[in-house]
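K.L.:
Coordinates only, no sequence provided:
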């Protein structure tokens, strides 16, 4: 296929957290609000003149300082974020909105705050408590937490407009981006899609890590380009898979997977579009913030939710994606030392294989996967096993 016009532009933006668009937005008078987790409603961090920035640490090398403060046996994602903060990589932030999602994320946020790693007199770190169930009372609790711990501090420190009108406008702007990403993502259901999983990952990541108002025009142009893009007559991939699991903000991972001849047709991972890029539907009768919080709690697929209905929801979501996107298998991944996803991966990979009959490759991986020869070998073997099973199935049908 012909290369996408703006792909290299988006790739370069993702090479550095403090990219040129972040610098442009700062010049425009925008407030940069960092966050790391889906439990923090992204849309409320874009209210008024705020811009959400999902924090990551591209091109991470050694994490010696972060390991000193957090030990070698904590999540590499959390340590990479802290290491980058020590390096000054987040000095552009005006606030960091953390959630009590896991102990390791809490330790990272506490170190960032107590060690005063962001040299900004007004910079603050806030923590919001997140419920473990999705009930009416827990939705109300979540809304109270977001108002008290996020919106009101933004208003008192920076004078941010946190009215219902401002929140509705933030949802409107958020939905505009979601519709574009959603329409592009739907094209992956085609037998010969006009976009690869890697390209889709680049576009989706850009919407998390760059000011949306500065990339909207290029996203619209890219959507129109993909609509008329002609794929090669013969599909380039050998198999189709759904990638499921913890944070995947490392573009080299999706590149490594697809270099093995397997196309990622659906992305059910943190930093992906499922969930993350669904349109938020609002009514005119209920409190806006309550509706926003309910949306995020209901759509969340995080294994932090341990109630049986949420566990079953996660199984059924992956099963649905395999069927909707005509995938032949599932790659279930987690970053090393992630407690929640470690338990979830062990359980889900077994259930999805034994009870749902799917082909599953289960892996734990380093935060940065670019040099993992072992991982490449395992993925190549998985692709070959999918091809063998396809040939056997076709033989039985004949």
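P.N.:
Great, that's in hand. Since this is a predicted model, take the numbers as computed values, not measurements.

K.L.:
Low-confidence ranges, the stretch 101-250 of the chain, go.
P.N.:
The stretch 101-250 of the chain contains no residues with pLDDT under 70.

K.L.:
in the longest helix seen in the chain, what counts as buried?
P.N.:
Counting by DSSP state H, the longest helix found in the chain is helix 373-397. By 16 or more other Cβ atoms under 10 Å, the buried positions in helix 373-397 come out as 375, 378-379, 382-383, 386. Where C-beta positions appear, they are placed from N, C-alpha and C, glycine not excepted.

K.L.:
got it, and stretch 343-360?
P.N.:
So for stretch 343-360, counting by 16+ other Cβ under 10 Å, buried means 344-345, 348-349, 351-353, 356, 358-360.

K.L.:
Those residues: which two are farthest apart?
P.N.:
344 and 359 (18.4 Å; Cβ to Cβ).

K.L.:
What's the first helix or strand after the helix or strand where residue 320 lies?
P.N.:
Using DSSP states H and E, residue 320 sits within helix 308-324. Where DSSP H and E defines the elements, the next helix or strand beyond helix 308-324 is strand 329-335.

K.L.:
And that next one, how far out from the chain middle?
P.N.:
Strand 329-335 sits 14 Å away from the centroid of its parent chain (Cα atoms, centre = their mean, to the nearest Å).

K.L.:
Kindly report the same for stretch 387-398.
P.N.:
The answer for stretch 387-398 is 35 Å, by Cα atoms, centre = their mean.

K.L.:
before we move on, back to that, of the buried residues of stretch 343-360, which is the nearest to residue 32?
P.N.:
residue 344 (31.5 Å).

K.L.:
and the next element down the chain from the helix or strand harbouring that closest one?
P.N.:
Remark: residue 344 resides in helix 339-354, with elements defined by DSSP H and E. Next helix or strand after helix 339-354 toward the C-terminus (DSSP H and E): strand 360-365.

K.L.:
which residue is nearest the centroid of the protein?
P.N.:
Nearest to the mean C-alpha position of the chain, by Cα atoms, centre = their mean, lies residue 271 at 0.9 Å.

K.L.:
In three-state terms, label it for me.
P.N.:
What DSSP: H, G, I helix; E, B strand; the rest coil gives for residue 271 is coil.

K.L.:
Nearest residue to it in space, ignoring adjacent ones along the chain?
P.N.:
Leaving aside its sequence neighbours, residue 271 sits nearest to residue 249 (Cβ to Cβ, 6 or more residues apart in numbering; 4.7 Å).

K.L.:
Shouldn't the one you found be within a helix?
P.N.:
No. Assigned with three-state DSSP, residue 249 falls outside any helix and is coil.

K.L.:
could we number from 53 for the rest of this?
P.N.:
Okay, using 53 as the starting number, the last item reads as residue 301.

K.L.:
my guess is residue 417 meets residue 309, correct?
P.N.:
No. Using Cβ atoms under 8 Å as the test, residue 417 is too far from residue 309 to be in contact (10.8 Å).

K.L.:
neighbour count winner among the two?
P.N.:
Between residue 417 and residue 309, counted using other Cβ atoms under 10 Å, the more crowded position is residue 309 (27 against 21).

K.L.:
which residues are contacting the helix or strand that one falls within?
P.N.:
Assigned by DSSP H and E, residue 309 falls within helix 303-311. Helix 303-311 is contacted by residues 63, 66, 110, 248-250, 253-254, 257, 289, 293, 295, 300, 316, 383, 385, 417, 420-422, 424, 427-428, 431 when judged by Cβ atoms under 8 Å, 6 or more residues apart in numbering.

K.L.:
ok now that helix, how far from the chain's centre?
P.N.:
Worked out by Cα atoms, centre = their mean, helix 303-311 lies 16 Å from the chain centre.

K.L.:
With adjacent residues omitted, what lies nearest to residue 392?
P.N.:
In space, residue 392 is closest to residue 355, 4.4 Å off (Cβ to Cβ, 6+ apart).

K.L.:
Now do the same for that neighbour: helix, strand or coil?
P.N.:
coil.

K.L.:
how much space is there between it and residue 277?
P.N.:
Remark: distance between residue 355 and residue 277 (Cβ to Cβ, to the nearest Å) = 37 Å.

K.L.:
Which of those two has more residues huddled nearby?
P.N.:
It is residue 355, of residue 355 and residue 277, that has more neighbours when counted by other Cβ under 10 Å, with 23 against 15.
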